[in-house]
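Asker: Quick one, fold the following:
(chains A and B)
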Number of protein chains: 2
Amino acid sequence: MNNVDVIVREVGLRDGLQIHATFMPTASKIAWIEAEAAAGVSEIEVTSYVPPKLIPQFVDAEKVTRRALAVPGLTVAALIPNSKGAERGLALGVHKLNFVMSVSKTHNLKNVRREREESVADFRRIVELVRAKPALERPLIVGGLSTALGCSYEGRVPVDDVVKYAVQLAEAGADELVVADTVGYGDPAQVRAVFRAVTAAVGKLPVAAHFHNTRGTGLANVDAALECGVRAFDASLAGLGGCPFAPGATGNIVMDDLCFMLDSMGLTTGVDLEKLLAVREIVRAALPDIEMHGALARAGLPRNYVPASARRAA
Amino acid sequence: MNNVDVIVREVGLRDGLQIHATFMPTASKIAWIEAEAAAGVSEIEVTSYVPPKLIPQFVDAEKVTRRALAVPGLTVAALIPNSKGAERGLALGVHKLNFVMSVSKTHNLKNVRREREESVADFRRIVELVRAKPALERPLIVGGLSTALGCSYEGRVPVDDVVKYAVQLAEAGADELVVADTVGYGDPAQVRAVFRAVTAAVGKLPVAAHFHNTRGTGLANVDAALECGVRAFDASLAGLGGCPFAPGATGNIVMDDLCFMLDSMGLTTGVDLEKLLAVREIVRAALPDIEMHGALARAGLPRNYVPASARRAA
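Answerer: Predicted coordinates:
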């Protein structure tokens, strides 16, 4: 899937489900993964290696991972909060370990119960764990920076802090960084400021974006990040998820709308929009009470719409 | 209100209500106008001078216009489909006549039942009508170009066609142009292509943008238009409205979310966000069955949020 302009990554199975009280049956999770991969999504964050005691939704993390690894061509990622999570991922042979820490001190303390410096030290230990593996068995290690565009405890987050921890994770050995607007505070001007500063500081290391649409700015932020050279975006089918700090708020940017916007702009993603929209039915059937978003799903494709790949071929 | 960076214009009373079957009581329309003006919105398209037989929602156009004209400092605009509408507006002393034609041939035939050349000729007659008035009594004449980013009958619309009719309306005497994505087909790349071409062609004539959020790209398109120098945007409180060609589709970009994004970006609009959000209750009370949108209304302002004007003053 390297012959696409922009990589879209599904995170709904992790970010979308983690605050949903109802357990999604394992078979439905697997059906979702398989159908979305068949629609052309090449990378999926399939679960989180947190203790199931903390988030029962992920009690089936091992089974979901194993089944996802059987999907041909799919890059299987999973969230890891610490080195224990990394060990679980390494044992399974997952392709990508998505480590996460918060740029804001308070959010990091609340979310992973440690200081940011301790998180960076955790990340170094995880890199060591991975490097102890034979080269061909090593997963990619992703350094995720949460609350990089604002914090629900502290408000605005200084760009210098984002750059500081981006550089520390890069120097520690990250294969990729993800800059995340965890609580949906970002606007396009902030996005330009943060992503320009981070990409300038970390050289050629790939920097991906993870936006939430909490205040409606999600796709505008995507456009701004594209201008900064970002070519990989996290999103959640039907915009699943929400914000534990804002009841009723919307969640991740909507995968279906993201793919439409990129494709309409002439940027190929490898995703078949009609097939992607059809995957929503799997979620709807499994979780009838979950709130689903998406403008494309309501309005349909524009008349005579020609996908970017076909326009390019013409 | 010239000391703001971006002018936001409410069009919900026209574009939002025109396809809503239930009549909004005149008193509620006036309450909406007064409250939104008090929140800092400086320009409102208050009604449409179409025959009430065609759209009964606008049977109170004269009364609404007169009451809006009594609001201190408010620029009162109204849509006019033809010279008959212009005569009604001139008789009332409205500040702005928003003429509209479609860039796509089929949409213009369906919407105003004439060829595009006839619409341009109508516009010339309207300019003559206005210029026959004493200078101090003349309203501004706005040339609106619908379906400039796509047509629900024809699909993609050539940029050259948008430029052609933009130039014709400019040469005919428009004081301002509005480029409209009537059916919500636009993406940021298209927006840049269209607005750069139009602004290059019409020199210093102000060019405003009118976007719909039908496929989720509304605020991304705003950001792209800002980059092209656009400094006036139409929007609808709570994203009222829809698309007669896409049942269930969302309508205009959400005024509340637009104002938040602009303000967060450091661009002043003169609008008090909390006061603006409170205006939604007037609409809710008057039209309990209308579908209201808006991410900011659900999520609330970011923690410790400081408005752009206060950040600048600090």
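
Asker: does the nearest residue to residue A:20 once chain neighbours are set aside count as helix, strand or coil?
Answerer: Closest residue in space to residue A:20, ignoring its immediate chain neighbours: residue A:290 at 6.0 Å, by CB to CB, 6 or more residues apart in numbering or on different chains. The C-beta positions use only the backbone N, C-alpha and C, and glycine is treated the same way. Recorded secondary structure, residue A:290: coil (DSSP: H, G, I helix; E, B strand; the rest coil).

Asker: Low-confidence stretches in the stretch 101-250 of chain A?
Answerer: A:243-249 (pLDDT under 70).

Asker: For it, which residues are neighbours of chain B?
Answerer: Residues of the stretch 101-250 of chain A found near chain B (CB under 8 Å from any CB of the partner chain) are A:150-156, A:183-185, A:187-190, A:213-217, A:219-220, A:222-224, A:243, A:246, A:248-250.

Asker: filter those residues to the buried ones?
Answerer: Buried subset of those (neighbour count, 16 or more other CB atoms under 10 Å in any protein chain shown): A:150-154, A:156, A:183-185, A:187-190, A:213-217, A:219-220, A:222-224, A:243, A:246, A:249-250.

Asker: Can you tell me which of those end up in helices?
Answerer: With helices defined by DSSP state H, the entries of those inside them are A:188-190, A:219-220, A:222-224.

Asker: Tell me the one of these nearest residue B:129?
Answerer: residue A:220 (39.8 Å; CB to CB).

Asker: close enough to count as contact, that closest one and residue B:262?
Answerer: No: judged on CB atoms under 8 Å, residue A:220 makes no contact with residue B:262 at a distance of 10.6 Å.

Asker: picking that back up, and for the residue nearest to residue A:20, the neighbour number?
Answerer: Using other CB atoms under 10 Å in any protein chain shown, residue A:290 has 18 other residues around it.

Asker: Likewise for residue A:274?
Answerer: 11.

Asker: As a check, name the ranges of all strands in the stretch 151-300 of chain A.
Answerer: Using DSSP state E, counting those that start in this stretch, the strands of the stretch 151-300 of chain A run over residues A:176-181, A:207-211, A:232-235.

Asker: Between residue A:220 and residue B:262, which contacts overlap?
Answerer: Residues within reach of residue A:220 and of residue B:262 at once, by CB atoms under 8 Å, 6 or more residues apart in numbering or on different chains, are residue B:222.

Asker: Could I get the buried residue list for stretch A:301-312?
Answerer: Buried residues in stretch A:301-312 (16+ other CB under 10 Å): A:301-302, A:305-309.

Asker: can those go into CSV with extra columns for secondary structure?
Answerer: Below are the buried residues of stretch A:301-312 laid out as CSV (three-state DSSP):
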residue, secondary structure
A:301, coil
A:302, coil
A:305, coil
A:306, coil
A:307, coil
A:308, helix
A:309, helix
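
Asker: Widest-spaced pair of these?
Answerer: A:302 and A:309 (16.2 Å).

Asker: The residue in the stretch 1-150 of chain A that chain B sits nearest to: what's it in contact with?
Answerer: Nearest to chain B, among the residues of the stretch 1-150 of chain A, is residue A:150, at 5.6 Å (CB to the nearest CB). By CB under 8 Å, 6+ apart, the contact list for residue A:150 reads A:156-157, A:181, A:183, A:185-186, A:190, B:302-303.

Asker: Would it be right to say that residue A:120 lies in a helix?
Answerer: Yes: assessed by three-state DSSP, residue A:120 belongs to a helix.

Asker: Save the strands of the stretch 151-300 of chain A as CSV, and put in mean neighbour count too.
Answerer: Formatted as CSV, the strands of the stretch 151-300 of chain A follow (neighbours: other CB atoms under 10 Å in any protein chain shown):
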stretch, mean neighbour count
strand A:176-181, 25
strand A:207-211, 25
strand A:232-235, 26
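
Asker: Redo these as CSV? Include distance to residue B:21.
Answerer: What follows is the strands of the stretch 151-300 of chain A, written out as CSV (distance: least, CB to CB, whole Å):
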stretch, distance to residue B:21
strand A:176-181, 39
strand A:207-211, 36
strand A:232-235, 35
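
Asker: Looking at those, which is nearest to residue B:276?
Answerer: Of the strands of the stretch 151-300 of chain A, nearest to residue B:276 by CB to CB is strand A:176-181, at 23.0 Å.

Asker: if I pick the residue of the stretch 51-200 of chain A at minimum distance from chain B, what's in contact with it?
Answerer: Closest contact between the stretch 51-200 of chain A and chain B, by CB to the nearest CB, is at residue A:155 (3.3 Å). Residue A:155 makes contact with B:302-305, according to CB under 8 Å, 6+ apart.

Asker: Roughly how far does it sit from residue A:37?
Answerer: 39 Å (CB to CB, to the nearest Å).

Asker: Quick check: the farthest pair among the contacts of residue A:150?
Answerer: Checking those with CB to CB, the most distant pair is A:190 and B:303, at 14.9 Å.

Asker: the strands in the stretch 1-150 of chain A, which residues?
Answerer: Using DSSP E, counting those that start in this stretch, strands in the stretch 1-150 of chain A cover A:7-10, A:43-48, A:75-80, A:96-102, A:140-146.

Asker: still on that earlier bit, residue contacts, the nearest residue to the residue of the stretch 1-150 of chain A closest to chain B once chain neighbours are set aside?
Answerer: Spatial nearest neighbour of residue A:150, chain neighbours left out: residue A:185 (2.7 Å); criterion: CB to CB, 6+ apart. For residue A:185, the contacting residues are A:149-151, A:156, A:214-215, B:264, B:302, by CB under 8 Å, 6+ apart.

Asker: can I get these in TSV with distance to residue B:3?
Answerer: Shown next, in TSV, are those (distance: CB to CB, whole Å):
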residue	distance to residue B:3
A:149	29
A:150	28
A:151	32
A:156	25
A:214	30
A:215	26
B:264	19
B:302	25
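
Asker: Can I get stretch A:205-216 in PDB? Just the C-alpha atoms.
Answerer: In PDB, the C-alpha atoms belonging to stretch A:205-216 read as follows (Å, rounded to 0.1, in the frame of the first residue of the first chain):
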ATOM      1  CA  LEU A 205      11.100  10.900  10.800                       C
ATOM      2  CA  PRO A 206       7.500  10.400   9.600                       C
ATOM      3  CA  VAL A 207       5.000  12.500  11.600                       C
ATOM      4  CA  ALA A 208       1.400  11.400  11.500                       C
ATOM      5  CA  ALA A 209      -1.700  13.200  12.800                       C
ATOM      6  CA  HIS A 210      -4.400  12.100  15.100                       C
ATOM      7  CA  PHE A 211      -7.400  14.500  15.200                       C
ATOM      8  CA  HIS A 212     -10.700  14.500  17.000                       C
ATOM      9  CA  ASN A 213     -13.700  16.300  15.600                       C
ATOM     10  CA  THR A 214     -14.900  17.400  19.100                       C
ATOM     11  CA  ARG A 215     -15.400  21.000  18.000                       C
ATOM     12  CA  GLY A 216     -15.900  20.500  14.300                       C
END
